[in-house]
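Student: here is the input, now give the coordinates:
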Amino acid sequence: AFGPFGVNVGNAIGAAIDFLSTKSGILTGAVVGAGWTFLTLFGLHWGLVPILLDQLAHGGSPLFAMLAAAPLAQAGLALGVFLRAKDKNVKTLGASTLVPALLSGVTEPILYGLMMRYKRTIPYVIIAAAVGGAINGMFGTKAVVYAFPSALSIPAFAPMGIHIIAIGIAFAGAALMAVLLGFEDKKQKEVVSDNKVEAGQPLVKKEAIVSPLTGAIKALNKVDDQVFASEAMGKGIAIEPT
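Tutor: Numbers count the residues shown, from 1 in each chain. Okay, the predicted model is just below:
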């Protein structure tokens, strides 16, 4: 049931994009750039591979160049999260997902690890990828060989200069939006602010300390034991039990 459904949906999307590409390169680039993230998210992007291969067999694939902006926008988001995040674990996640995206074009860790976790970043990627895709579409940039879009596959596209500008804008745009506008939603910010002691300090939870006995409270420096009185063992109070 799911196999035929996926094939038919993929074919329909491919046919729609193929039709759109005959009307306007800019519009097609913007649509493909903005939509590629969601096609990847649902695994429907493989439905476009036959079109890409057919275009490559006939001199180059403009569709491949248009969609290339999306993976680079996702990589830019990972960089933005890395630069903006204060939490060590989130910063590490941003860096570790950025590397495979830039080197091999594998962006699923960004999709599922960052974008699905911080949903306010989805528009950042859509906007940045749409602009980058539109630039490649407007100037007729093509992929001349099959290679996952990444920093290392730039020579697979021509004209190379236009492609660098397009994916550079997509990458920088998503990164800047993440840095300037933030990536956490309101609830996530409230949780962090409720637990944060101060910038750069680890998150802590408030705890109530209950006395184990009843008695009169004395200042710690009134205790006869100089080790405790000097606060060498830390701050505290003394209780003279009743």
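
Student: residue ranges with poor pLDDT in the chain?
Tutor: Applying pLDDT under 70 to the chain flags residues 14, 18, 22, 186-204.

Student: what about the helices in it?
Tutor: With helices called from DSSP state H, the chain shows them at 2-21, 25-41, 49-57, 62-67, 69-84, 88-104, 108-110, 122-139, 160-181, 186-195, 226-229.

Student: excluding its backbone neighbours, what's nearest Met177?
Tutor: Counting by C-beta to C-beta, 6 or more residues apart in numbering, Tyr124 is the residue found nearest to Met177 once chain neighbours are left out, at 4.1 Å. (Each C-beta comes from the backbone N, C-alpha and C, glycine too.)

Student: burial count for that neighbour?
Tutor: 25 (other C-beta atoms under 10 Å).

Student: looking at it, it is touching Leu181, isn't it?
Tutor: Yes. Using C-beta atoms under 8 Å, Tyr124 is in contact with Leu181, at 7.4 Å.

Student: return the residues in contact with the residue lying closest to Lys119 once chain neighbours are set aside.
Tutor: Nearest residue to Lys119 in three dimensions, chain neighbours excluded: Asp185, at 6.8 Å (C-beta to C-beta, 6+ apart). Asp185 sits next to Tyr118, Lys119, Arg120 when contact means C-beta atoms under 8 Å, 6 or more residues apart in numbering.

Student: quick one: buried ones out of those?
Tutor: Among the contacts of Asp185, those scoring as buried are Tyr118, Arg120 (criterion: 16 or more other C-beta atoms under 10 Å).

Student: looking at the contacts of Asp185, spot the one nearest Leu20.
Tutor: Using C-beta to C-beta, Lys119 is the member of these that lies nearest Leu20, at 27.4 Å.
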